[in-house]
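Trainee: have a look at this prediction, sequence included:
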Amino acid sequence: MKPISDGMNIGEAAEKAGVTPKMVRHYESLGLLPRVHRTESGYRVYGESEVHTLRFIKRSRDLGFSIPVIGELVKLWQDRRRPSASVKKVASAHLAELDRKITEMASMRKTLGHLIHCCQGDDRPDCPILGDLESFVAPAPTETKVKARALKAPAKRTA
């Protein structure tokens, strides 16, 4: 491996950050990672700063932050004068979304567990799981959704 002062190629930087070279290119294309210096032959050259940013992005992904939110977090992280309240607001919103998803998934798990319990799982064709899936009726659209759809729909021509 060449000295750090010479920089790292994409594979070395990716390995140090715990991501794949493909993800490094992807994060660069999205603007999460600034474009890096290239050699005369066009190879990217990464330093410790870029690896540090890649680790930040990876940890953010591991915590379930979306790419747009990670972009916001990277900007906040790079702004040493930002108030921590801004970071807390972003993290709190993500936590609320995680809580909502956990509640939703717990409900799905409970329903599915009940259906599995009710299914005999034998040679008979009767199956409460399929019966439940078959009997689902979509909820009626809310008034707001109906109005929004009407606004998006192209006007019908009358002859």
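Mentor: All right, it came through fine. Residues are numbered from 1 along each chain as shown.

Trainee: what count of nearby residues applies to the closest residue to Arg35 other than its chain neighbours?
Mentor: Of all residues not flanking Arg35 in the chain, Glu28 sits nearest, at 6.3 Å (CB to CB, 6 or more residues apart in numbering). Backbone N, C-alpha and C define where each C-beta goes, glycine included. Residues near Glu28, counting by other CB atoms under 10 Å, number 18.

Trainee: what's the pLDDT at Glu28?
Mentor: Note on Glu28: pLDDT of 95.

Trainee: what's the helix or strand hosting it in contact with?
Mentor: Assigned by DSSP states H and E, Glu28 belongs to helix 21-30. Applying CB atoms under 8 Å, 6 or more residues apart in numbering, the contact partners of helix 21-30 are 10-11, 13-14, 17, 19, 33-36, 46, 54, 57, 67, 71.

Trainee: now with 7 Å?
Mentor: Residues from elsewhere that reach helix 21-30 (CB atoms under 7 Å, 6 or more residues apart in numbering): 10-11, 13-14, 33, 35, 54, 57, 67.

Trainee: now swap in stretch 119-128 and tell me
Mentor: With contact meaning CB under 7 Å, 6+ apart, stretch 119-128 is reached by 115, 118, 129.

Trainee: go with 10 Å
Mentor: Defining contact as CB atoms under 10 Å, 6 or more residues apart in numbering, one finds that stretch 119-128 is touched by 114-118, 129-134.

Trainee: pLDDT below threshold where in this structure?
Mentor: 1-5, 144-159 (pLDDT under 70).

Trainee: I am finished for the moment; much appreciated.
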